[in-house]
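Peer 1: just the structure for this:
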Amino acid sequence: MDATGLIAIGAGLAVGLAAIGTGLAQGRIGSAGVGAIAEKPEMVGLVILLIAIPETMVILGFAVAAMVLLMGGGLGG
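Peer 2: Have a look, this model is predicted:
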């Protein structure tokens, strides 16, 4: 396998593992949030915010993948 293939695998792992972590976190936060909303309906805004926070992991994973591809010569190189 040449360097281009390894660069592509690294970029895919950066996004994929971040997405798996985000999915696990959002599942737990969402289930706890539904329970909290059932007891205190005024917590809807806070729960939505807490569910959105893990999305930053995927955005950072995408940024790392883009840097790996662009700096590593994986695109057009």
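
Peer 1: which pLDDT value goes with residue 77?
Peer 2: Model confidence at residue 77, given as pLDDT, is 53.

Peer 1: report the buried residues of the helix or strand harbouring residue 35.
Peer 2: When elements are defined using DSSP states H and E, residue 35 is found to belong to helix 3-39. Going by neighbour count (16 or more other Cβ atoms under 10 Å), the buried part of helix 3-39 is 7-8, 11, 14-15, 18, 22, 25-26, 29, 33. Every C-beta, even on glycine, is put in place using the N, C-alpha and C of the backbone.

Peer 1: can you pull the contacts of the residue nearest the centre of the chain?
Peer 2: The residue lying closest to the centre of the chain (Cα atoms, centre = their mean) is residue 58, at 2.2 Å. Listed by Cβ atoms under 8 Å, 6 or more residues apart in numbering, the contact set of residue 58 reads 15, 18-19, 22.

Peer 1: for whichever helix or strand it is part of, buried residues please.
Peer 2: For residue 58, the host element (DSSP H and E) is helix 55-71. Burial within helix 55-71, assessed by neighbour count using 16+ other Cβ under 10 Å, is assigned to 57-58, 61, 64-65, 68-69.

Peer 1: okay, those residues in TSV with pLDDT next?
Peer 2: Compiled in TSV, the buried residues of helix 55-71 are given as follows (pLDDT from 0 to 100):
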residue	pLDDT
57	91
58	93
61	92
64	92
65	92
68	89
69	88
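
Peer 1: of the buried residues of helix 3-39, closest to residue 45?
Peer 2: Nearest to residue 45 among the buried residues of helix 3-39: residue 33, at 10.9 Å, using Cβ to Cβ.

Peer 1: isn't that closest one right up against residue 49?
Peer 2: No: under the criterion of Cβ atoms under 8 Å, residue 33 makes no contact with residue 49, lying 9.9 Å away.

Peer 1: can you name the next helix or strand after the helix holding residue 35?
Peer 2: Assigned by DSSP H and E, the successor of helix 3-39 is helix 44-52.
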